[in-house]
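Trainee: need a 3D model of the following:
(chains A, B, C and D)
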There are 2 protein chains.
Amino acid sequence: MVAEAKKARKESAQGVTNGKAPPPESPVRKPRADSLRNRERLLVAARQVFAAGGTGASLEAVARDAGVGIGTLYRHFPTREALFQAVYAREVDELVALAEALAEEVEPVSAIRRWLHGMVRMVATKRGMLAALEPALETSQPLFSASSARMQQAAGGLLQRGVELGAIRDDVSAEDVMRAVLGICYIRQDDGWQARTIRLLDIFVDGLVVLR
Amino acid sequence: MVAEAKKARKESAQGVTNGKAPPPESPVRKPRADSLRNRERLLVAARQVFAAGGTGASLEAVARDAGVGIGTLYRHFPTREALFQAVYAREVDELVALAEALAEEVEPVSAIRRWLHGMVRMVATKRGMLAALEPALETSQPLFSASSARMQQAAGGLLQRGVELGAIRDDVSAEDVMRAVLGICYIRQDDGWQARTIRLLDIFVDGLVVLR
DNA sequence: TTAATATACGGAGGTCGCCTCCGTTTAGCA
DNA sequence: TGCTAAACGGAGGCGACCTCCGTATATTAA
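Mentor: Take a look at the predicted model:
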């Protein structure tokens, strides 16, 4: 949560790779096998290192564990956040899928509750997920991370449905809700965290419900 | 999570300077004037540096701005959190006082709302406050920081009153509420932050209210 | 005033993590 | 089998953290 200046610097280096239009049909060389292999190794190592050492764990440790140079890590994942997102993409997928399933099967308010519970369950074991989601909420840039955008969209869908059915108040955006939810999840992971967090989220949802 | 070992080390290095038993009743020397002066300078510098550079700003910058050696900073404030707390003690005082005033004057639910609004207003300009409050919620230690303990107590008072009057649900602790509130305040400070945060907190309070 | 001494000062320096840069290696392709 | 784009890796510069200890000074006692 300290690295705001750094991020800005990097962001600007992103979409500039094509100064001139590249051969419209690039010959598209097959990606190198070692590159793919290293990327995979890095993801495995990162998942483990983050699980053990928390979100702030050393990236050099990740590279070391992966048996790879630090330069290679940075080539594959230019920022810590990029790595978070790649590591937790699977989890985000699951949650998005859950949201879609719930939207079709369940009454809207319970759908929201259940979705949040699912999120808590996941965060309980994959703490880094929050880190993958949070940075996009932290900057005021319009550039959203893919993960957060998808999560926010999932939340938005559930919310929207509730609003249309008159069950959920309409004066709050998906973005804000995600912010509150992440915030509530964010602090303190210890014994009893899961149960207490679920209770707090339920209370928040109570506040979202119309008709009192 | 990592700073615990260090602290312990520090503690034990204290009383070894005297090879022979010292006068059991220490004569209590007056604290040195330069010490007091430096402490004050550090607080002033820290307040400014944190305001400008955020919570993660360099402590060496603080020392530099204060015109003081880095060693002096660490002697006065052994941890970053200690410094936060000293810097924002005044703000915490204000909020505690506000809670007490509101408890006597206002209907309990509005009291809670107004208190939270006051908190948001304060955090809007003194971002570091959150950092002063958060660490105590983050560790699972029974050792609470003075600031958080007082805030939590203030929140507890308001809550308790609401519960007794049957206006607030009784299945949630002050600690949990503070956690949720800090979490909601935590992420993202930008244009419109204040208004949106207040709305989210109001929603949360709606969830706390009994009788729906 | 002065001497004694407890107390505080300051910053050099060891450690660590971040990130870049560039010489070297290697996989894919013809 | 060679050519070359692509990828590798790690040295090294930087900045921050924090400790340690020789030096300086405020306070107290004489």
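Trainee: for the rest of this, base every contact and every neighbour count on C-alpha atoms.
Mentor: OK.
Trainee: contact partners for residue A:128?
Mentor: A:50-51, A:54-55, A:84, A:88 (Cα atoms under 8 Å, 6 or more residues apart in numbering or on different chains).
Trainee: so which of those residues are in helices?
Mentor: A:50-51, A:84 (DSSP state H).
Trainee: tell me which of those residues is nearest to residue A:170?
Mentor: Set against residue A:170, the nearest of these by Cα to Cα is residue A:84 (32.4 Å).
Trainee: and the helices in chain A?
Mentor: A:4-11, A:33-53, A:59-66, A:70-76, A:80-87, A:89-105, A:108-125, A:128-138, A:146-164, A:174-186, A:193-208.
Trainee: now mean pLDDT and distance to residue B:110 too, for the ones you listed, in TSV please.
Mentor: Putting the helices of chain A into TSV (pLDDT from 0 to 100; distance: least, Cα to Cα, whole Å) gives the following:
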stretch	mean pLDDT	distance to residue B:110
helix A:4-11	40	36
helix A:33-53	97	42
helix A:59-66	98	47
helix A:70-76	98	51
helix A:80-87	95	40
helix A:89-105	96	35
helix A:108-125	96	26
helix A:128-138	79	29
helix A:146-164	94	26
helix A:174-186	93	21
helix A:193-208	96	15
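Trainee: what about residue A:109, neighbour count?
Mentor: 21 (other Cα atoms under 10 Å in any protein chain shown).
Trainee: cool, residue A:173 as well?
Mentor: 16.
Trainee: contacting residues around it?
Mentor: residue A:156.
Trainee: against residue A:163, how distant is it?
Mentor: 11 Å (Cα to Cα, to the nearest Å).
Trainee: check residue A:189 too.
Mentor: In terms of Cα to Cα, residue A:189 sits 32 Å off from residue A:163.
Trainee: my guess is residue A:95 contacts residue A:117, does it?
Mentor: No. Between residue A:95 and residue A:117 there is no contact under Cα atoms under 8 Å: 10.5 Å.
Trainee: can I get the helices of chain A in JSON lines including distance to residue B:158?
Mentor: Formatted as JSON lines, the helices of chain A follow (distance: least, Cα to Cα, whole Å):
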{"stretch": "helix A:4-11", "distance to residue B:158": "36"}
{"stretch": "helix A:33-53", "distance to residue B:158": "38"}
{"stretch": "helix A:59-66", "distance to residue B:158": "45"}
{"stretch": "helix A:70-76", "distance to residue B:158": "50"}
{"stretch": "helix A:80-87", "distance to residue B:158": "39"}
{"stretch": "helix A:89-105", "distance to residue B:158": "37"}
{"stretch": "helix A:108-125", "distance to residue B:158": "27"}
{"stretch": "helix A:128-138", "distance to residue B:158": "31"}
{"stretch": "helix A:146-164", "distance to residue B:158": "31"}
{"stretch": "helix A:174-186", "distance to residue B:158": "20"}
{"stretch": "helix A:193-208", "distance to residue B:158": "18"}
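Trainee: stretch A:66-77 near DNA strand C at all?
Mentor: Yes. Stretch A:66-77 is in contact with DNA strand C by Cα under 7 Å from any atom of the strand, via A:70-71, A:74.
Trainee: okay, those residues in a markdown table with neighbour count and distance to DNA strand D next?
Mentor: Shown next, in a markdown table, are the residues of stretch A:66-77 next to DNA strand C (neighbours: other Cα atoms under 10 Å in any protein chain shown; distance: Cα to the nearest atom of the strand, whole Å):
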| residue | neighbour count | distance to DNA strand D |
| --- | --- | --- |
| A:70 | 15 | 4 |
| A:71 | 12 | 3 |
| A:74 | 16 | 8 |
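Trainee: return only those of the residues you listed found close to chain B.
Mentor: Among these, proximity to chain B is found for none (Cα under 8 Å from any Cα of the partner chain).
Trainee: break chain A into its domains for me.
Mentor: Using automatic domain parsing, the domain parsing of chain A gives A:34-86, A:89-208.
Trainee: and DNA strand D, is stretch A:45-64 touching that?
Mentor: No. Using Cα under 7 Å from any atom of the strand, stretch A:45-64 never reaches DNA strand D; the gap is at least 8.0 Å.
Trainee: endpoints of that stretch, how far apart?
Mentor: 9 Å.
Trainee: tally of neighbours for residue A:31?
Mentor: 8.
Trainee: against residue A:39, how distant is it?
Mentor: For residue A:31, the distance to residue A:39 - Cα to Cα - is 12 Å.
Trainee: overlap of the contact sets of those two?
Mentor: Here residue A:31 and residue A:39 have no joint contacts, going by Cα under 8 Å, 6+ apart.
Trainee: can you tell me which residues contact the most centrally placed residue in chain A?
Mentor: Nearest to the geometric centre of chain A sits residue A:133, at 3.0 Å (Cα atoms, centre = their mean). For residue A:133, the contact set (Cα under 8 Å, 6+ apart) comprises A:85, A:145, A:147-148.
Trainee: which among the residues you listed gets closest to chain B?
Mentor: Distance to chain B across the contacts of residue A:133 (Cα to the nearest Cα) is lowest for residue A:148, with 13.8 Å.
Trainee: could you count how many residues lie near that closest one?
Mentor: 21.
Trainee: and what of residue A:29?
Mentor: Count around residue A:29 with other Cα under 10 Å applied: 6.
Trainee: okay, it: pLDDT?
Mentor: Note on residue A:29: pLDDT of 88.
Trainee: what about it, distance to residue B:117?
Mentor: 58 Å.
Trainee: could you do residue A:71 as well?
Mentor: For residue A:71 relative to residue B:117 (Cα to Cα), the value is 47 Å.
Trainee: repeat for residue A:31
Mentor: According to Cα to Cα, residue A:31 and residue B:117 sit 55 Å apart.
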